[in-house]
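Visitor: need a structure here:
(one chain, ligands or ions: 1)
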Amino acid sequence: MKVYLDNNATTIVDPHVFAEMEPYFVQRYGNPNSLHLFASETHPALKDAMEKIYAGIHAPKDDSIVITSCATESNNWVLKSIYFEQILTGKKNHIIISEVEHPSVIATAKFIESMGCKVTYLPINHEGIIDPQSVRDTITDKTALVSVMWANNETGAIFPVEEIGDICEEYNVPFHTDAVQAIGKLPVDIQSFNVDYLTFSAHKFHGPKGVGALYIKKGRELTPLLHGGSQMGGYRSGTLNVPGIVGMGKAMEQAVDALDYEMEDIREMRDAFEDELLKIEDTFVVTPREKRTPNTILISFRGIEGESMLWDLNRAGIAASTGSACASEDLEANSVMEAIGAAEDLAHTAIRFSLSRYTTQEELDYTLDMVKKAVERLRGISSTYSYAPEGHESGLDAH
Ligand SMILES: Cc1ncc(COP(=O)(O)O)c(CNc2co[nH]c2=O)c1O
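Guide: Numbers count the residues shown, from 1 in each chain. As a prediction, this is how the structure comes out:
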């Protein structure tokens with residue numbers, strides 16, 4: 001049996017999405033910017049796809065949505081443009097991000113920090129969530145940008161973007177949120193709160209890989225990262241990825257249609273699965289489930305290296321992760337567990353299960369059975385593990 005429970009890393013392309021994309025590979029394959037029939041026959045689909053993408057986040061037509069190659073590009077673009085326009089010119093000298101942003105934000109922040117930008121890394125609390133007060137405590141008249149993700153890819157923790165948006169509006173500081181883990185999991189309405197830039201990526205909600213987007217509120221310009229043929233209104237040059245854009249549009253439409261199922265049925269399956277996992281001795285979950293996206297579990301199995309657990313699960317045909325795929329090749333501690341101050345023997349033991357609308361109860365039942373077998377085997381061969389629920393100084397309450 002093969003079970004895929006790493007949907008926060010990437011998702012299967014919905015068959016309806018693939019069907020919508022296929023003609024633009026093999027029939028209507030013209031370059032949209034050419035001056036002939038092969039080009040113009042792609043235009044209706046591009047228009048329709050962009051309308052679906054705008055509708056999916058409730059973006060007004062006057063605002064901009066620029067298609068990029070991925071969320072990593074979108075995140076890089078925001079921070080590097082702000083650096084170019086605000087920090088390099090001396091107008092501002094500071095940005096604020098959370099300490100658990102995706103590596104595409106943190107690494108870019110460290111890059112511009114190495115070139116003289118001051119960076120505040122907001123801490124997360126014991127539940128893995130940002131306190132909006134920490135933004136108010138650190139924002140100044142020299143702050144060029146606040147960038148805080150909507151939902152964390154490792155824990156599923158939902159961050160208070162509405163309150164942070166209000167603080168940024170009060171200080172007239174642009175607010176960027178990386179919404180990659182929110183689209184398709186939570187209602188996203190950019191007119192319901194103050195946000196200037198918003199990142200998302202199609203392959204996180206059953207669309208194709210290699211297609212991302214950046215929403216830009218009217219009046220908040222950005223220096224282009226890519227110059228050339230002036231596509232996307234001059235914001236991002238490069239021949240349009242027609243099948244990719246068509247796929248993102250269909251995937252967005254499907255994600256909105258499936259949102260109730262995601263937020264109710266998937267949440268119910270996730271909660272029941274988590275309840276069973278927490279019956280295993282010495283297990284811990286950081287963020288309360290009501291403060292998480294409906295599909296994600298980050299659970300620690302004391303005494304078991306995360307990679308060892310992954311290996312046992314992989315042999316059983318089960319795909320999970322220890323956190324961001326970007327870090328999956330090394331035996332580092334889970335960055336979120338470290339940030340909340342988890343004890344060393346816990347920080348290396350976190351496993352992330354992330355469900356999707358394609359996850360079945362049978363798959364979860366099988367996975368639970370395999371997890372129990374892996375825990376028994378790995379703790380059995382451990383030279384250091386002994387179950388001691390009383391008085392263990394982990395900083396997390398044993399379940
Ligand atoms: C919050 C967040 N931002 C940005 C990205 C990058 O998106 P991409 O450039 O379109 O790939 C990811 C991917 N997160 C993960 C990729 O693998 N495991 C993950 O958790 C993400 O979760």
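
Visitor: Ile318 against Asp365, yeah?
Guide: No: look at Ile318 against Asp365 with C-beta atoms under 8 Å: they stay out of range, at 11.9 Å. (C-beta placed from N, C-alpha, C; glycine too.)

Visitor: So which of the two has more stuff around it?
Guide: The neighbour comparison of Ile318 against Asp365 (other C-beta atoms under 10 Å) goes to Ile318, with 22 against 12.

Visitor: if I pick the more buried one, what's in contact with it?
Guide: Residues near Ile318 by C-beta atoms under 8 Å, 6 or more residues apart in numbering: 2-3, 5, 366-367, 370.

Visitor: again with Tyr235
Guide: Listed by C-beta under 8 Å, 6+ apart, the contact set of Tyr235 reads 64, 66, 216, 222, 224.

Visitor: Is it correct that the fourth one falls within a strand?
Guide: So that's Leu222. No: counting by DSSP: H, G, I helix; E, B strand; the rest coil, Leu222 falls outside a strand, being coil.

Visitor: Quick one: find the helix or strand in this protein with the lowest mean pLDDT.
Guide: Lowest by mean pLDDT, DSSP states H and E among the helices and strands of the chain is helix 344-347, with a mean of 71.

Visitor: and the helix or strand following that helix, how far from the chain's centre?
Guide: Once the chain leaves helix 344-347, the next helix or strand it forms, by DSSP states H and E, is strand 350-354. Offset of strand 350-354 from its chain centre (C-alpha atoms, centre = their mean, to the nearest Å): 14 Å.

Visitor: Return the set of buried residues in strand 350-354.
Guide: Across strand 350-354, burial judged by 16 or more other C-beta atoms under 10 Å covers 350-354.

Visitor: Likewise for stretch 44-63?
Guide: Using 16+ other C-beta under 10 Å as the test for burial, stretch 44-63 gives 45-46, 48-50, 52-54, 56-57, 59, 63.

Visitor: Just flag the most distant two among these.
Guide: Ala45 and Asp63 (21.6 Å; C-beta to C-beta).

Visitor: Need the residues that contact the longest helix along the chain.
Guide: Ranked by residue count, the top helix of the chain under DSSP state H comes out as helix 361-381. With contact meaning C-beta under 8 Å, 6+ apart, helix 361-381 is reached by 1, 3, 5, 269, 272-273, 276-277, 280, 301, 303-304, 308-309, 312-313, 316, 318, 353, 355, 385, 387.

Visitor: what is the rounded mean pLDDT of it?
Guide: Helix 361-381 carries an average pLDDT of 97.

Visitor: quick check, nearest of the contacts of Tyr235 to the ligand?
Guide: The ligand lies nearest to Val66 out of those, by C-beta to the nearest ligand atom, at 14.3 Å.
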